[in-house]
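Undergrad: how would this look folded up:
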Amino acid sequence: MSFRALLTEKAADGTITSSVQTLDEGRLPEGNVTVAVDWAGLNYKDGLILTGAGNMIKAYPHVAGIDFSGTVSASEDWRFHEGDKVLLTGWRVGESHWGGYAETARVNGDWLVPLPKTLSARDAMVLGTAGLTAMLAVDRLEAAGVSKSAGPILVTGAAGGVGTIAISLLAKLGYEVAALSGRPQHAEALKALGATTIVDRAAFLAEPDKPLEAARWAGAVDNVGGALLGKLLKQVHYDGVVASIGMAGGTDLPTNVLPFILRGVTLVGIDSVMRPTAPRVAAWQRLGELFDAEAYSGLVEEIGLEGLPEAAKRILAGEVRGRVLVEVR
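TA: Below you'll find the predicted structure:
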């Protein structure tokens, strides 16, 4: 049996190229469940992998795609049977193991999640890794006791996949949401998702920096890291919570201890890659209950496998709004 895939290869001079090719199933990696892939998503990490910018792939040729949804076509795992609808995000699939940019994927059953009955395979990939990460961040804010009456929640990197979905989820739950973005052209779209305030990134960073600043936010979902996160921590209310999920602004964290010891601010890290199965399944069930696919539809761009190399460059350049959905077949 053969299948189409976006195969990423590395030339002797180090050049990375990707092209759609027809491959034999004998080339698939080891795994106990084979999935006929219908949809995949494009994430920032996918952009790094497809362009070689992240130097993340150790063995070429490679099939990228860190998340996908589809139907089980063969299984040696008692939990999954032919015809089951499933999805996969994380577990370094698409990085150390061939991923979802192919009509057929072979994976470990431990990595799969049954598709919630309230989600279609397409909607699951509109959410994808971005949606799972956003849901885990919101769950942590709630678990830490951030109440809806405590004040606004700031979402940074608001126009990206995680940011837009986090805004939608928080607004659906009744939180007041402020959206911080460096792309003012997307302000109306962010307001349509539920953001009540738009914060300009450049203006935010240009404000005079102090060891501790006026308290503005009850909590935050931060997609950026770096200097922006360092400044944000100084503006969080007493007992506020910041969920850190990204590092687009860098891995350094320039800050001081005052927000933590004078205001009791909590900084929590969110990992969606190696999240254990039980909380992962619970988060997907909750996404199926909360996500408004129709309201989000204007932030979805559809492409085929052939469009991925160009889209990968755009997502790294910050030119993607919302989610890019890959129709694999």
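Undergrad: all helices for the protein, in order.
TA: For the chain, the helices defined by DSSP state H cover 44-51, 121-143, 161-172, 187-193, 201-206, 226-233, 258-262, 277-290, 293-296, 308-316.
Undergrad: out of those helices, deepest packed?
TA: Compared across these, helix 161-172 shows the largest average neighbour count, a mean of 27 (mean count of other CB atoms under 10 Å). Placement of C-beta: from N, CA and C, glycine included.
Undergrad: How far away from the center of its chain is that one?
TA: 11 Å (CA atoms, centre = their mean, to the nearest Å).
Undergrad: ok, back up a step: put together CSV for the helices of the chain, with mean pLDDT on each row.
TA: Converted to CSV, those look like this (pLDDT from 0 to 100):
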stretch, mean pLDDT
helix 44-51, 95
helix 121-143, 97
helix 161-172, 96
helix 187-193, 94
helix 201-206, 93
helix 226-233, 96
helix 258-262, 97
helix 277-290, 96
helix 293-296, 91
helix 308-316, 96
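Undergrad: how is the protein carved up into domains?
TA: Residue ranges for the domains of the chain, per automatic domain parsing: 2-115+295-327, 129-269.
Undergrad: a markdown table please, covering the helices of the chain and showing distance to W111.
TA: Compiled in a markdown table, these are given as follows (distance: least, CB to CB, whole Å):
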| stretch | distance to W111 |
| --- | --- |
| helix 44-51 | 16 |
| helix 121-143 | 13 |
| helix 161-172 | 20 |
| helix 187-193 | 30 |
| helix 201-206 | 35 |
| helix 226-233 | 30 |
| helix 258-262 | 36 |
| helix 277-290 | 9 |
| helix 293-296 | 24 |
| helix 308-316 | 22 |
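Undergrad: just so I know, which of the domains of the chain lies nearest A283?
TA: Closest approach to A283 among the domains of the chain (CB to CB): domain 129-269, 4.5 Å.
Undergrad: Quick one: end-to-end distance for that closest one.
TA: 16 Å (CA to CA, to the nearest Å).
Undergrad: centre of the chain versus it, how much separation?
TA: That offset, for domain 129-269, works out to 16 Å (CA atoms, centre = their mean).
Undergrad: Need the domains of the chain in CSV (columns: distance to V281).
TA: Shown next, in CSV, are the domains of the chain (distance: least, CB to CB, whole Å):
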stretch, distance to V281
domain 2-115+295-327, 6
domain 129-269, 11
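Undergrad: thinking N32 is in contact with N108, fair?
TA: Yes. With contact defined as CB atoms under 8 Å, N32 counts as touching N108 (6.4 Å).
Undergrad: what's the burial count for A248?
TA: For A248, the neighbour count with other CB atoms under 10 Å is 16.
Undergrad: check contacts around it.
TA: By CB atoms under 8 Å, 6 or more residues apart in numbering, the contact list for A248 reads Y44, G157, N223, V224, G225, G226.
Undergrad: need the contact list for S120.
TA: S120 touches A293, counting by CB under 8 Å, 6+ apart.
Undergrad: same question, the one 5 residues further on
TA: The neighbours of M125, taking CB under 8 Å, 6+ apart as the test, are W39, A40, G41, D67, F68, S69, L87, L325, V326.
Undergrad: who does the closest residue to it other than its chain neighbours bridge with?
TA: What sits nearest to M125 in space, not counting adjacent residues and going by CB to CB, 6 or more residues apart in numbering, is W39, at 3.9 Å. Beta bridges link W39 to S69, E327, judged by DSSP bridges.
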